[in-house]
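**Q** just a sequence and a predicted model for now, questions to come.
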Amino acid sequence: MTKDPEAAAARIDEAERLTYELRQGLTSVIEELRPAALEDKGLVSAVREFASDWSRQNQITLNVDVDGERSMPLDIEQTVLRIVQEALANISRHSNALNASVELVYTQSQFRCAILDDGRGFEPGQTRAGLGLRSMRERADAVRGELTVESSVGQGTKVTLSLKVGDLKDREGNPQNG
């Protein structure tokens, strides 16, 4: 500090800037981990909101398609949201995609969530499964779901979560008709 006050001041400014950026990043992570969005809005609204922000930040066109929307138990909705978030994070990190989509399909006894991109793809058998894929598989297993990954070089990637949920129930456990 006494030898070169200008250099010291520059380093302090840089440390403050890095601290601010770290705080902003941690705030974003904490907000993503909160289930409040699901409690207030439900899965479809939470996915649409996240997708809109993600698309804008990554400059990748993202469509969300929903067929037969129904409520599911909160733990399942949280798992689906986390898998969508992780799959989209993988797309932004690895795919070089221009377009992506999230499909949520509800039927009387099943739920399917597919996340697709038109990126560079990969050979699943030759690529070591990273933390993201492993995390998605663990989350799927926790709700007795099946996670499949389809990809090939130059053909994009499709991650699908399939759940047999019996007759879908609302958050209070009441059967839903339809």
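**A** Yep, it's here. Worth saying up front: this structure is predicted, and the values here are computed from it rather than measured.
**Q** residue ranges for the helices of the chain, please.
**A** Assigned by DSSP state H, the chain shows helices spanning 5-33, 36-41, 43-58, 74-90, 131-142.
**Q** how about those helices in JSON lines, adding mean pLDDT and distance to residue 66?
**A** Quick note: C-beta positions are derived from backbone N, CA and C, even for glycine. Output for the helices of the chain, formatted as JSON lines (pLDDT from 0 to 100; distance: least, Cβ to Cβ, whole Å):
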{"stretch": "helix 5-33", "mean pLDDT": "76", "distance to residue 66": "21"}
{"stretch": "helix 36-41", "mean pLDDT": "70", "distance to residue 66": "13"}
{"stretch": "helix 43-58", "mean pLDDT": "94", "distance to residue 66": "5"}
{"stretch": "helix 74-90", "mean pLDDT": "93", "distance to residue 66": "12"}
{"stretch": "helix 131-142", "mean pLDDT": "90", "distance to residue 66": "20"}
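**Q** return the most buried member of those.
**A** With neighbours taken as mean count of other Cβ atoms under 10 Å, those reach their highest mean count in helix 74-90, at a mean of 21.
**Q** which residue packs closest to residue 75, ignoring adjacent ones?
**A** Distances taken as Cβ to Cβ, 6 or more residues apart in numbering put residue 143 closest to residue 75, at 6.8 Å, once the chain neighbours are dropped.
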